[in-house]
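A.B. asks: 3D model of this:
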Amino acid sequence: MKYLFFPLILLMAVAAPTFAQSNYDQTDKFAKALGSMDSLNVAQIAKKLGAASSDNEEKARAIFYWIANNIALDPKATKGGDQRKSLPEDVIKLRKATPLGFAKLYQEMASLVNIRCLVVDGYVKNSVDEINNPADEINHSWNVVQLGQSPETWYVLDVARASGSMDKKMSLFTKNFTSQYFFADKSLFHIDHYPDNVAWQLGGGPKSVKEFYTLPVFNAASYKYGLRKATPATGYVKTKMKNKVSFTMPVNTDLSIENVSLLIGDAKKMQKPEPMNFSTAGGEIVFSYQFKVADTYPVKVLFNDEVVAEYMVEVIE
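C.D. replies: Alright, predicted model coming up:
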């Protein structure tokens, strides 16, 4: 789905501050208690979820939580770009969808409870193999939501990624709800997602698809820890065995980061995580590492044993 280019005044307006994550425990509990609602259609489900609150933010959250926990990503259709079953009624019937199917369902349910919501098509990276290898066509979809009467403030959410993740080969889906993809931090979201229409690049980001594909891969946990643009800034790192690579990762979270480690190598040659000596001065996680093996291999950065970012590192003697 593509949109007409927005005038400059709207481009300035949509770059609104990121919405702070709230405590949605009660809303999530409400949506969970409704169950799968297998016998209901899209409109009936939306109506029940809309009863979560008179507040549009809470309604938007209830819909987000329910879809993410009751619809699964369809690996085969997603990998093949098959959008034939992406209409909301198909998604509700099948209980699985491509990211476009997720986004269309969210848009439909939000509209049914009088929340303005649009689908945004664009690009994401699913593995380090995609670094410096731009996709030939759009490979992801998400939503933008407007609350209240103001035309100036839009929020971003990705209900497909909030539902869980697929393996590197995009053949297996694992359910794992990630709350922070709702009204996500835009400064992270837009180095993790690149919209096909620049009007929806809220709050800045890379200037082109090519530049986007030079960036590291950011995982769901990066939202949990409030990760910002990291150093190294590019996802493909070249270094020599005698040199250290410096990592600087700005974070913005109340969560305690007790350990930082690197996981070096692919699945067949995976080593145990190597703990890093790190500092947290100025709200940044700072550490360095000297790679000991001359080769090219993926490197994962972990906070508290959770992968937050991934690089491809080329080490020469």
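
A.B. asks: What's the first helix or strand after the helix or strand of the chain with the lowest mean pLDDT?
C.D. replies: Lowest mean confidence among the helices and strands of the chain (mean pLDDT, DSSP states H and E): helix 8-14, at a mean of 35. As assigned by DSSP states H and E, the chain's next helix or strand after helix 8-14 is helix 25-33.

A.B. asks: Dihedrals phi and psi, residue 44?
C.D. replies: With angles defined as degrees, to the nearest 10, residue 44 sits at phi -70, psi -40.

A.B. asks: Please name the nearest non-neighbouring residue to it.
C.D. replies: Leaving out its chain neighbours, the residue that sits closest to residue 44 by C-beta to C-beta, 6 or more residues apart in numbering is residue 37, at 7.4 Å. Every C-beta, even on glycine, is put in place using the N, C-alpha and C of the backbone.

A.B. asks: For my notes, confirm the one you found occurs in a strand.
C.D. replies: No: secondary structure of residue 37 (DSSP: H, G, I helix; E, B strand; the rest coil): coil, not part of a strand.

A.B. asks: Helices of the chain, start to end?
C.D. replies: 8-14, 25-33, 42-50, 56-70, 75-80, 88-94, 99-112, 159-163, 186-192, 209-212, 220-224 (DSSP state H).

A.B. asks: Mind listing residues that contact the fifth one?
C.D. replies: Okay, so that is helix 75-80. Outside helix 75-80, the residues within contact range by C-beta atoms under 8 Å, 6 or more residues apart in numbering are 82-85, 96-99, 166, 170-173.

A.B. asks: now with 7 Å?
C.D. replies: Applying C-beta atoms under 7 Å, 6 or more residues apart in numbering, the contact partners of helix 75-80 are 85, 98, 99, 166, 170, 171, 172, 173.

A.B. asks: Could you turn the buried ones of those into a ChimeraX selection?
C.D. replies: Per 16 or more other C-beta atoms under 10 Å, the buried members of those correspond to this ChimeraX selection:
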select :85,98,99,166,173
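
A.B. asks: Could I get the contacts of helix 75-80 in CSV, plus columns for distance to residue 105 and pLDDT?
C.D. replies: Formatted as CSV, these follow (distance: C-beta to C-beta, whole Å; pLDDT from 0 to 100):
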residue, distance to residue 105, pLDDT
85, 11, 95
98, 11, 97
99, 11, 98
166, 18, 90
170, 20, 87
171, 23, 91
172, 22, 93
173, 16, 95
